[in-house]
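1. Predicted structure and sequence below. I'll ask about it afterward.
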Amino acid sequence: MKRHILSAEQFTRPQLEGIFISADIMRERDHSSLEERRELAGRHMGRQLISLFYEPSTRTRLSFELAAAKQGIGYVSTENAREFSSAAKGETLEDTIRVLGEYNADLLVMRHHETGAAARAAAVAPSHMSVINAGDGKGEHPTQALLDAYTIREHLDRLSDANIVLGGDLRNGRTARSLAKLLARYPGNEFTFVSTPGFEMGDDIKGFLDEHGAQWNETSDAHAAAEDADVMYWTRLQRERLEGGGVTQEQSLVIDQSVLDVMNPKAVIMHPLPRVGEITTDVDNDPRAQYFRQAGNGLYVRMALLDYLLGNEPQTLEFDNVVPLRYKLGHD
Amino acid sequence: MKRHILSAEQFTRPQLEGIFISADIMRERDHSSLEERRELAGRHMGRQLISLFYEPSTRTRLSFELAAAKQGIGYVSTENAREFSSAAKGETLEDTIRVLGEYNADLLVMRHHETGAAARAAAVAPSHMSVINAGDGKGEHPTQALLDAYTIREHLDRLSDANIVLGGDLRNGRTARSLAKLLARYPGNEFTFVSTPGFEMGDDIKGFLDEHGAQWNETSDAHAAAEDADVMYWTRLQRERLEGGGVTQEQSLVIDQSVLDVMNPKAVIMHPLPRVGEITTDVDNDPRAQYFRQAGNGLYVRMALLDYLLGNEPQTLEFDNVVPLRYKLGHD
Amino acid sequence: MKRHILSAEQFTRPQLEGIFISADIMRERDHSSLEERRELAGRHMGRQLISLFYEPSTRTRLSFELAAAKQGIGYVSTENAREFSSAAKGETLEDTIRVLGEYNADLLVMRHHETGAAARAAAVAPSHMSVINAGDGKGEHPTQALLDAYTIREHLDRLSDANIVLGGDLRNGRTARSLAKLLARYPGNEFTFVSTPGFEMGDDIKGFLDEHGAQWNETSDAHAAAEDADVMYWTRLQRERLEGGGVTQEQSLVIDQSVLDVMNPKAVIMHPLPRVGEITTDVDNDPRAQYFRQAGNGLYVRMALLDYLLGNEPQTLEFDNVVPLRYKLGHD
């Protein structure tokens, strides 16, 4: 009965499609009338969420908490559990989760600095409480991968048969790695990795793509890669890790007007944010720049996931009429 | 359509009066029956507020969040965004606001350490989101100025024709400066600045009063100033800035029983708080001591402002019957 | 009219019994249908709580805030008031409370680092606001004592005529001391203190037990004490305070399978948590290990206390039918 969100890989493609349709509906409801928003705000009254962040992450935390607030889920929050909580007194994560599990909250959103922490939490969580991984060290950040895929689907109307260009710090960036793995499960996607020496995509991901029969190549020329891109997914350079010719290397990885000039007019530019210069601000007003919308999609994907964990199974067949009807008919 | 609260100077006098009447009503409703409080708590269900504090300010933050909670506005909060948020990773304020703007919250309350930050936030906020400046460095703190004026109005029944004594650290204190500018717009006010060398009111404010035809004078004698005062508005001395004869200088700026003895029995003593000795605690029980009430007024002025920003225009004509009726008739 | 929760000793035994019955009901309602939880979540709409933590305490804070959320009490929160609030600017606790008192919240939960802080807060709180002591330095933490007693009552079906073994750091541990004092008021309890040199129960508590005619003895042998125990209440060793033969001393105070082997099958093992090794994890699955349940009971005791402070007097006579009926008949 208990369901957790631990990894983006746990979902079947139909489940993902169901969640994405739920996210569509959440966005539509949230942007329609105030009456609709009021109704939504009463939807999950009586449910509670614990927001447990061992590492600060304002953006992720606020979007989860807004996803709760907008659906009437009561929540309690700690924004720096590592320093403030009994963890500082030597309590194990397992003990902390078992205590919180006694509070009969329905949902626990957790960001932790150690890889595998979310799975450890899920292993000891009581049967009524779902654990949602909001990032565990170098491990997973599944809601980020889902919102990335959702944004591509929103703009291309598909998750397959696309030229996906991933650029920036592919070595250390968790989001690009996760997205590559997620999209490898859809047919016909081709990947181009754009990075400079020392920041290349890891061999594990390349091997994963090979196993799934997905084409990939790599380059350090963002302009060349941009020409055929359906998706330009860019990530933050960790400047402090750049050596020697850092500035020059970096310059070749910046998306600016000159990259826009060669891009397909229907392509989409994405970035998990924050950015620190690798996309210039003059790009922001281009209709292909969707990174802010992408961040906002995080809210709606999280609303859909919370709703799913509270028992509203996304439909996996006949989405087009079943899921919307479910809402319109007041299913709850 | 979008309205922001960036500066106390943005309001016309009729708008201020409308907001003050709304604040009166909010206070009355909050202090009447539990039924009334329950109704209020459902008033803005479906609306959301983001509370974004780059600098800690427990008092201001809690009063804004209570102003939301008491009206059923869902809120999410961060109390130390500077250290915890992606600002630490180098994200610009503009990017942060654009991301939060995608979350479709109606209201964003922001405290920031840089002058002009609120205006920068408002410039990039989406059309559905109002930005409220809760203090931007040495810049503005408009809701403080409004609650100060509201408190004077509450006790004198007017904002004009008053002897206003401003004392303490007038050089560095933002609140006294803002209040002087606000009251200069009402006729017949006379200002007395009480401070010691190095803490005098700035020439910019003196010039502003001259331009508006308001009388002012300055002294270092709190007792003399108190004799004719309708309002004694006192501010905290930054002790660390006092030089040499600090203790003596300071002593002349303390409000204690000896000052009460010479004051008009209908005058009001105000202070933005916290205080650290410049009003002695034996003054607290005097009916003229209104600094705690003043702080509480912050809640009701903020409730009125949130309500205003959510579309309930304060009436600017015929306040006395129109605004109260608006509430009594269940307008929403 | 105003009631505060400052000390576990303020309650009469019938009042305690009333609160415990309310806690039973809160637990039952929270674990029954979603409809029941929804109704509970609307119960105290229009009420507000201020959660003011000068010291971090994630567990206590989250359980109080969940106790509010589950009953529809709006709350605002600060998790590190000492560093973030105007206390850092030199404001007295009294001034802070008087300001917060103006916000017309019904409840103020406070954790403070100074003994006596809660009583000081209560002394200046306005008549409509109840102060709840969530721990004041080396002073009291009454809700912890209540949840400890509640857990014993839950498992033994009585608070009298029990063999109570208290072990660990009895010198410095506030919880064991408070529990001893609370249980001394019930007839027939016998106490065994298990500790190593330097960590013995203080003479003040021993004297208190003597005055109340309660038997006590002390030992450093956990196994011997366990044989007759109805309750094994264990506490955390402050390892940094252990001298010389620390490891050996400590070992004798660990509850592990060998202690379980000699314990009464109906006894209960409790711990205020966090633990750091003084109960081994292989004990967790034993049905006598109730420390996680005990932590969860904190939520329900706090729900009952908030409800009590909001005017729902726990019945002190004929509990068995009166109190449950009160709820079932929709009394509010």
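-> That came in fine, so what should we check first? Numbering: from 1, shown residues only, chains lettered A, B, ... in the order given.

2. How about A:Val268, nearest residue that isn't a chain neighbour?
-> Nearest-residue entry for A:Val268: A:His155, 4.3 Å, with adjacent residues in sequence omitted and distances by Cβ to Cβ, 6 or more residues apart in numbering or on different chains. To be clear about C-beta, it is placed using only N, CA and C from the backbone, and glycine gets the same treatment.

3. no, scratch that, I was asking about A:Ser22
-> Closest residue to A:Ser22 apart from its sequence neighbours, by Cβ to Cβ, 6+ apart: A:Ala304 at 3.6 Å.

4. My assumption is that the one you found lies in a helix; please confirm.
-> Yes - counting by DSSP: H, G, I helix; E, B strand; the rest coil, A:Ala304 falls inside a helix.

5. Would you confirm that it contacts A:Gln15?
-> No - the pair A:Ala304 and A:Gln15 does not pass the contact test of Cβ atoms under 8 Å, sitting 11.1 Å apart.

6. rewinding a little: quick one: average pLDDT of the helix or strand containing the residue nearest to A:Val268?
-> If you go by DSSP states H and E, A:His155 is part of helix A:142-156. On average, the pLDDT along helix A:142-156 is 97.

7. ok, the very next helix or strand once past that helix: who's next to it in the sheet?
-> Next helix or strand after helix A:142-156 toward the C-terminus (DSSP H and E): strand A:163-167. With DSSP bridges as the test, strand A:163-167 is paired with strand A:190-194 (parallel), strand A:231-234 (parallel).

8. got those as JSON lines, with distance to C:Lys89 and mean pLDDT columns?
-> Output for the strands paired with strand A:163-167, formatted as JSON lines (distance: least, Cβ to Cβ, whole Å; pLDDT from 0 to 100):
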{"stretch": "strand A:190-194", "distance to C:Lys89": "50", "mean pLDDT": "98"}
{"stretch": "strand A:231-234", "distance to C:Lys89": "43", "mean pLDDT": "98"}
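
9. which one of those is the most hemmed in?
-> strand A:231-234 (a mean of 28; mean count of other Cβ atoms under 10 Å in any protein chain shown).

10. what's next to it, contact-wise?
-> With Cβ atoms under 8 Å, 6 or more residues apart in numbering or on different chains as the test, strand A:231-234 has contacts from A:148, A:152, A:156, A:162-168, A:176, A:179, A:225-226, A:253, A:255, A:259, A:263, A:267-271, A:275, A:278-279.

11. picking that back up, correct me, but the residue nearest to A:Val268 touches A:Ala289?
-> No - the criterion here is Cβ under 8 Å, and A:His155 misses it with A:Ala289 at 11.2 Å.

12. Which pLDDT value does the model give A:Ser86?
-> As predicted, A:Ser86 sits at a pLDDT of 71.

13. Who are the contact partners of the closest residue to it other than its chain neighbours?
-> In this structure, A:Ser86 finds its nearest non-sequential neighbour in C:Pro274, 4.1 Å apart by Cβ to Cβ, 6+ apart. Shown in contact with C:Pro274 (Cβ under 8 Å, 6+ apart): A:86, A:89-91, A:95-96, C:236.

14. For my notes, confirm A:Ser49 occurs in a strand.
-> Actually, residue A:49 is Leu rather than Ser. Yes - under three-state DSSP, A:Leu49 sits within a strand.

15. my guess is it meets A:Gly74, correct?
-> Yes - with contact defined as Cβ under 8 Å, A:Leu49 reaches A:Gly74; the gap is 7.2 Å.

16. Give me the common contacts of these two.
-> Counting by Cβ under 8 Å, 6+ apart, the shared contacts of A:Leu49 and A:Gly74 are A:Ala68.
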